[in-house]
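**Q** this is a predicted model, with the sequence first.
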Amino acid sequence: MSSTEGTGRPVGINDVAARAGVSPGTVSNVLNRPERVAESTRRRVERAVEELDYVRNSSGRSLRAGRSDSVGLLVLDVTNPFFAEVARGVEDTAGEEGLAVVLLNSAEQAVRQQRSMRLLAEQRAAGAVIMPVDGDTADLLWLRKQGVPGVLLDRGDVDDGTACSVSVDNHAGGMAAGRHLINLGHERITYLSGPADLEQCRTRLEGLRAAVTESGGDPERVVRVIRTAQLNAESGEKAVEEVLAGGPKRRPQAVFCTNDQLAVGVLKGLGERGLNAPYDLSVVGYDDVDLAALVHPGLTTVAQPKYELGRAAMELLLSELHDAEHRHERLRFAPELVVRGSTAAYRI
């Protein structure tokens, strides 16, 4: 941190003005409206800024503008690598516009989501990219009333009049996983899901059931649903006990997990019981995080364009911030099945 010699205090705009031989107002113009300042004067001020290692204080400017130079990114689980890649897309795009990104974690809890949104409002955030914990948009609407626009990410069921949204076609992803397992001959499939309030959990299940119906099967007979409290590896590992309940003749031939974290937990839980994929049962995940290609066997999964999701969400937010003619949009990306070693044809 730069400081004035002998005082220990940070270098201020008056110090820059004194070094450059201009008024503080001229320094302010160079920093905020350089086109208004003569080139020779601007260069003198810029040289003083560099020599003094001056760091501008944006808080006052933020108060005058009514909002800060930061945007919020509220994710469901900061430990999930899926969100790390999404965050990279958001941050890269925000950085190109001189905006900082504040990462907030709801931990899939509504009360933490509400607390995070209040914090964004109190800090006068320019906007927010939000992955909501459920289908209730009340928190988003409240935040918008406080002057903080938001874009919903990983939610495809939002009305155009509420906010912009970016998502992947979860129904198509569920169908892709279902078709793959059915084509391998699996007739008993367990769907390991998170909370029913999450739209992506519901829609991926609907896609799986649609694939069963398409093949002439009965979804009520073929698909069994097990729900976990959270979408992490620990929950997946704990769920294996319920997945295997009933013995070898009743256990599923395949497990489709609503994300890769659950699937990795399932692989671990199977190994602890002397079982493995795909010999004892096939396992499919969703997201295609880096870990999916590193575990053994490699995890068959439905890939989402994580980085592109983050960039698209931030671009929509920037459009709303800068374009007076902005209209809410719903962007939907296509998923892609990635086949690895955790799935194989059913062994009779």
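**A** Cool, got the structure.
**Q** the residue nearest to the spatial centre of the chain and residue 242: what is the separation?
**A** Closest residue to the average C-alpha location of the chain: residue 83 at 4.2 Å, with Cα atoms, centre = their mean. Here the distance between residue 83 and residue 242 works out to 27 Å (Cβ to Cβ, to the nearest Å). In short, each C-beta sits where N, CA and C put it, glycine included.
**Q** then residue 112?
**A** Remark: distance between residue 112 and residue 242 (Cβ to Cβ) = 27 Å.
**Q** which non-adjacent residue is nearest residue 137?
**A** Sequence neighbours aside, residue 162 is the residue nearest to residue 137 in space, at 5.5 Å (criterion: Cβ to Cβ, 6 or more residues apart in numbering).
**Q** just checking, that neighbour touches residue 140?
**A** Yes. With contact taken as Cβ atoms under 8 Å, residue 162 and residue 140 are classed as touching, separated by 7.0 Å.
**Q** quick one, which of these two is more surrounded?
**A** Using other Cβ atoms under 10 Å, the more surrounded residue of residue 162 and residue 140 is residue 140, with 23 against 14.
**Q** helix, strand or coil: sort out that one for me.
**A** Going by DSSP: H, G, I helix; E, B strand; the rest coil, the secondary structure assigned to residue 140 is helix.
**Q** for it, what are its contacts?
**A** Contact analysis of residue 140 by Cβ atoms under 8 Å, 6 or more residues apart in numbering lists 117, 130, 132, 150, 152, 162-163.
**Q** buried among those? Make that a ChimeraX selection.
**A** In ChimeraX, a selection of the buried entries from the contacts of residue 140 looks like this (16 or more other Cβ atoms under 10 Å):
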select :117,130,132,150,152,163
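**Q** so among the contacts of residue 140, where is pLDDT lowest?
**A** Among these, residue 162 carries the weakest pLDDT, at 76.
**Q** tell me the contacts of that one?
**A** 137, 140-141, 328.
**Q** again, 10 Å this time
**A** Residues counted as contacts of residue 162 (Cβ atoms under 10 Å, 6 or more residues apart in numbering) are 137, 140-141, 144, 150, 152, 328.
**Q** quick one: which of the residues you listed sit in helices?
**A** Residues of those located in helices (DSSP state H): 140-141, 144.
**Q** three-state assignment of residue 43?
**A** State at residue 43, reduced to three classes by three-state DSSP: helix.
**Q** now do the contacts for it.
**A** Shown in contact with residue 43 (Cβ under 10 Å, 6+ apart): 20, 30, 37.
**Q** report pLDDT for the first one.
**A** Same thing as residue 20. Among the per-residue scores, residue 20 shows a pLDDT of 92.
**Q** can you check the last one too?
**A** Residue-level confidence at residue 37 comes out at 91, pLDDT.
**Q** got it, and the second one?
**A** Per-residue confidence for residue 30 comes out at a pLDDT of 88.
**Q** that one: how many residues sit nearby?
**A** Residue 30, neighbours per other Cβ under 10 Å, totals 22.
**Q** and after the helix or strand bottoming out on mean pLDDT in the chain, which helix or strand comes next?
**A** The helix or strand of the chain with the lowest confidence, counting by mean pLDDT, DSSP states H and E, is helix 58-65 at a mean of 50. Taking DSSP states H and E as the definition, the helix or strand that follows helix 58-65 towards the C-terminus is strand 70-75.
**Q** could you give the mean pLDDT of that next one?
**A** Confidence over strand 70-75, taken as the mean pLDDT, stands at 94.
**Q** can you pull the contacts of residue 175?
**A** Residues in contact with residue 175 (Cβ under 10 Å, 6+ apart) are 169, 204, 206-212, 214, 302, 335, 337.
**Q** save those residues as JSON lines, and put in distance to residue 274 and neighbour count too.
**A** Compiled in JSON lines, these are given as follows (distance: Cβ to Cβ, whole Å; neighbours: other Cβ atoms under 10 Å):
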{"residue": "169", "distance to residue 274": "38", "neighbour count": "17"}
{"residue": "204", "distance to residue 274": "30", "neighbour count": "30"}
{"residue": "206", "distance to residue 274": "34", "neighbour count": "15"}
{"residue": "207", "distance to residue 274": "32", "neighbour count": "23"}
{"residue": "208", "distance to residue 274": "28", "neighbour count": "30"}
{"residue": "209", "distance to residue 274": "32", "neighbour count": "22"}
{"residue": "210", "distance to residue 274": "35", "neighbour count": "17"}
{"residue": "211", "distance to residue 274": "31", "neighbour count": "25"}
{"residue": "212", "distance to residue 274": "30", "neighbour count": "22"}
{"residue": "214", "distance to residue 274": "35", "neighbour count": "12"}
{"residue": "302", "distance to residue 274": "28", "neighbour count": "28"}
{"residue": "335", "distance to residue 274": "33", "neighbour count": "25"}
{"residue": "337", "distance to residue 274": "29", "neighbour count": "17"}
